[in-house]
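Trainee: predicted model and sequence follow; I will ask about them next.
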Protein chains: 2
Amino acid sequence: MKSGISVAEASAIALGATRTLAPESVPTPEALGRVLAQDVRSDRTLPPADCSAMDGYALRAGDAAPGRALPVVYEVAAGGQASRPLAEGEAARIFTGAPVPPGADCVVRQEDTLAEDGQVTIQITPTGGDHIRLAGEDVRSGDVVLDAGTPIGPAQIGMLVSLGRTIARVHARPRVAVLSGGDELVEPDEDASGGRIVSSNGYSLVAQCQEAGAEARNLGIARDTPDALEALLRAGLSSDVIVSSAGVSVGDHDHVRPVLEKLGCELVFWGVKMKPGYPIVFGRIGESGPLVFGLPGNPVSAMVTFELFVRPTLLKMAGHTRLFRPRVEATLAETLEKKPGRAHYVRVHLERDEAGLRARTTGNQSSGVLRSMTQAQGLLHFPADAERLEAGAVASVQILDRRFGDETDPPA
Amino acid sequence: MKSGISVAEASAIALGATRTLAPESVPTPEALGRVLAQDVRSDRTLPPADCSAMDGYALRAGDAAPGRALPVVYEVAAGGQASRPLAEGEAARIFTGAPVPPGADCVVRQEDTLAEDGQVTIQITPTGGDHIRLAGEDVRSGDVVLDAGTPIGPAQIGMLVSLGRTIARVHARPRVAVLSGGDELVEPDEDASGGRIVSSNGYSLVAQCQEAGAEARNLGIARDTPDALEALLRAGLSSDVIVSSAGVSVGDHDHVRPVLEKLGCELVFWGVKMKPGYPIVFGRIGESGPLVFGLPGNPVSAMVTFELFVRPTLLKMAGHTRLFRPRVEATLAETLEKKPGRAHYVRVHLERDEAGLRARTTGNQSSGVLRSMTQAQGLLHFPADAERLEAGAVASVQILDRRFGDETDPPA
């Protein structure tokens, strides 16, 4: 087991042990947010025939001139078909999406005509091809329309159903079991006086899993005994990932590691040179069992280590290839100091001014101060070897806030 | 009713008619993604007492020096309490989160000690306050910890449960009824030959609603008769928003407007100077009835007009204040031309190079070509009055892709 490794090494080890989950078939409307597990090849052409892009009149461009009246010999509705080819000098009433009758080569928009007594008077000079949507201009039969690995958004949903694909082959969502350990912990509806504290990690970690697209269960609190912990860990064995918080430090009451070993967990690393969050365990239970992340118990440490190690793992399992948060460069509003050795992940608020983004720490950076997270939009990276970042220096910030960049003002 | 208005005016009218929905009480874990409807004031102090930040030994800093051994007189576990004040020259075993015994003024980390035979030998020179987390350093009783209007993410979930708030007061999620109109439309599992086309809009619009945090129902397809349309619209009357697509143009088969008027809908505007998507109806049914958006039937027009007008409306209903997508400046990779009069929303793919972002159109920009949306990361704004944007010019792009900016490479 490795110990005291860098964030980069720990991240690479965890992702190296992660396999993308097998595909499953889900109703297309429920595939939103999933990742396609195979290419989608069209077996149809869209539009299937040349069709009108507007409501108006189909005719031969050569027959029309401003002021000329043509007889309207039939009508083609969307979903309908022409009853016969259009002859020279004839017009057909046509609606958006309707197939253009054989013989016609353009559509004149209704707004550019006057209709009366079975005749239509054209008020413009049309050109062949006007307002006709050509067969296959969107999709040709045989085209690969969506590639394996594509994340499914609303447009992909629309395309899949346009092709008649009511079932989508997508990677499974990771199933995560979340548990917390500690005799001092109580559920949030229980009495939190007398040294007891509410176990919030189970709730924030489940929410982090959900934001990453995973299915998470909060298994609750294990008391500080090996048996209690083992029982809860066993309940998580059918999951793809087990995330525990607390119990991974060096104190006498820390049972996570021995219990994990008893369950056949190969411990891969313990301890990552970072703050918050040094005491992190990563392991796996057998070849096909869950990955196990033992995170620290402090609320901020648990959330930050989840962010750095668990979230990319969940995204990779779900089939994503872009596993890491957006990063921005920001100018420090204050000077930061630390000892060398551990990378610090400083919770910052970002403000945009004329010079770009300015990063300001969200107050007390103690790993017990959850407010430093509720006010943070990003994690500023204070590298392991650095001792001082001057006010005015530029640093890299990982964006945590999914709504970062959303605008208050409408576009101009 | 206004007609032929600008995008900015249409957006302002729709948002002006939008009210934020009333608060409701939901279990805190289900409040993820919602917006707080009232300030959250703490009735507790966190941590409730001075407590240890580490596993180690509580003692008086003045009693300790490298090599000095102190008797370990008792132990304080997390969740426990000291049995008596610590006397001069004594040490107490203490665990992370446990209250610091009266009399002690610092904690020496376990790693900085040697414990043997009921004694602990200190190996460093501690300072008063070391490794003690002060009462109230996170939250003081009476503090407003989260403000009304805050979007709830994982950190807010953790904070709420830390305060014992198992129920959150949040704005309701908008309920949206989505319907489509047209005789040519079929459901995606039906035969789409012979001029019929799959009704994809219902599915893509529902997905757009879901991405915006709304609850959406797809009411399906109304045939091109006033009665069919009226029946479907009536099914949507209990919703906060009705979104229909197709049927709002000027053709003979367009019944949406007359049927809406029959249902008591005040039509506020028709027609917005944009492409894709001129024929848009906006109205409201009575003072307390739903807002109604009649969107065009072309798949791209429906999605783009949803994006510009419906999405900000849904976000405002849900309590958000940042209603608009992030915008970036991008350099055009090609020259674009159009007639003046309508603003164009060009679907573009964005690539980052050394000079910044480059925008390239996603092929055929016909409003029937859904592939222009499946490949797009953003909508480039080609202003109404402009006729030409030169390759190399800088334009504003609204980002559609929620994962835009996610990185393939881990942070350095």
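Mentor: Received it, and whenever you're ready, just let me know what you need.

Trainee: what's the local residue count around A:R352?
Mentor: Other residues within reach of A:R352, judged by other CB atoms under 10 Å in any protein chain shown, total 10. For every residue, glycine as well, the C-beta is placed using N, CA and C.

Trainee: tell me what the residue nearest to it when sequence neighbours are not counted is bridged to.
Mentor: Excluding its sequence neighbours, the residue lying closest to A:R352 (CB to CB, 6 or more residues apart in numbering or on different chains) is A:R358, at 7.8 Å. Beta-bridge pairing for A:R358 (DSSP bridges): A:T331, A:E351.

Trainee: list the contacts for A:R358?
Mentor: By CB atoms under 8 Å, 6 or more residues apart in numbering or on different chains, the contact set of A:R358 is A:330-333, A:350-352.

Trainee: and the pLDDT at the residue lying closest to A:R322 once chain neighbours are set aside?
Mentor: Closest residue to A:R322 apart from its sequence neighbours, by CB to CB, 6+ apart: B:D406 at 3.9 Å. Per-residue confidence at B:D406 stands at 92 (pLDDT).

Trainee: same question, A:D254
Mentor: 69.

Trainee: what about A:E215, how many residues close to it?
Mentor: 14.

Trainee: er, A:R19 I mean
Mentor: 11.

Trainee: thought it was touching A:M317?
Mentor: Yes - assessed by CB atoms under 8 Å, A:R19 is found in contact with A:M317 at 7.3 Å.

Trainee: how about the residues of the stretch 201-350 of chain A by chain B?
Mentor: A:201, A:203-208, A:210-211, A:218, A:224, A:249-254, A:297-299, A:303, A:312, A:320-327 (CB under 8 Å from any CB of the partner chain).

Trainee: inside strands: which ones of those?
Mentor: A:218, A:327 (DSSP state E).

Trainee: so among the residues of the stretch 201-350 of chain A next to chain B, which ones count as buried?
Mentor: With burial judged by 16 or more other CB atoms under 10 Å in any protein chain shown, the buried subset of those is A:201, A:203-208, A:210-211, A:218, A:224, A:249, A:251, A:253-254, A:297-299, A:303, A:312, A:320, A:322-327.

Trainee: ok, now which ones touch whatever residue of the stretch 1-150 of chain A ends up closest to chain B?
Mentor: Residue of the stretch 1-150 of chain A nearest chain B, by CB to the nearest CB: A:G79 (2.8 Å). For A:G79, the contact set (CB under 8 Å, 6+ apart) comprises A:97-98, B:182-185, B:195-197.

Trainee: closest one of the contacts of A:R358 to A:L389?
Mentor: Of all those, A:L389 sits closest to A:L332, with 5.7 Å by CB to CB.

Trainee: worst mean pLDDT across the helices and strands of chain A, which element?
Mentor: Least confident helix or strand of chain A, by mean pLDDT, DSSP states H and E, is helix A:256-262 with a mean of 86.

Trainee: helices and strands around that helix, which ones?
Mentor: Secondary-structure packing of helix A:256-262 (3 or more CB pairs under 8 Å, 6 or more residues apart in numbering or on different chains; DSSP states H and E): helix A:226-235, strand A:265-272, strand A:281-285, strand A:291-295.

Trainee: just those: most buried one?
Mentor: Of the helices and strands packed on helix A:256-262, the one with the most neighbours on average (mean count of other CB atoms under 10 Å in any protein chain shown) is strand A:291-295, at a mean of 27.

Trainee: quick one, what contacts the residue nearest to A:R322?
Mentor: A:320, A:322-326.

Trainee: at 10 Å instead, please
Mentor: By CB atoms under 10 Å, 6 or more residues apart in numbering or on different chains, B:D406 lies in contact with A:151, A:315, A:320-327, A:399.

Trainee: what residues does the residue of chain A positioned farthest from its centre make contact with?
Mentor: Relative to the C-alpha centroid of chain A, counting by CA atoms, centre = their mean, A:D117 is the outermost residue, at 57.1 Å. The contact partners of A:D117, taken as CB under 10 Å, 6+ apart, are A:69, A:71-72.

Trainee: between those residues, which has the most around it?
Mentor: Neighbour counts for the contacts of A:D117, by other CB under 10 Å, peak at A:V72, which reaches 21 neighbours.

Trainee: bridging across strands, which residues link to that one?
Mentor: For A:V72, the beta-bridge partners are A:A91 (DSSP bridges).

Trainee: quick check: phi and psi on the residue nearest to A:R322?
Mentor: phi -60, psi 140 (degrees, to the nearest 10).

Trainee: roughly how far apart are it and B:E334?
Mentor: B:D406 sits 26 Å away from B:E334, going by CB to CB, to the nearest Å.

Trainee: before we move on, what about A:V241?
Mentor: Going from A:V241 to B:E334 by CB to CB gives 45 Å.

Trainee: a markdown table please, covering the helices and strands packed on helix A:256-262 and showing mean pLDDT.
Mentor: Shown next, in a markdown table, are the helices and strands packed on helix A:256-262 (pLDDT from 0 to 100):
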| stretch | mean pLDDT |
| --- | --- |
| helix A:226-235 | 93 |
| strand A:265-272 | 94 |
| strand A:281-285 | 94 |
| strand A:291-295 | 95 |
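
Trainee: any chance of the ones you listed in JSON lines, plus distance to B:R234?
Mentor: As requested, those are exported to JSON lines (distance: least, CB to CB, whole Å):
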{"stretch": "helix A:226-235", "distance to B:R234": "48"}
{"stretch": "strand A:265-272", "distance to B:R234": "59"}
{"stretch": "strand A:281-285", "distance to B:R234": "56"}
{"stretch": "strand A:291-295", "distance to B:R234": "51"}
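
Trainee: all good on my end, thank you.
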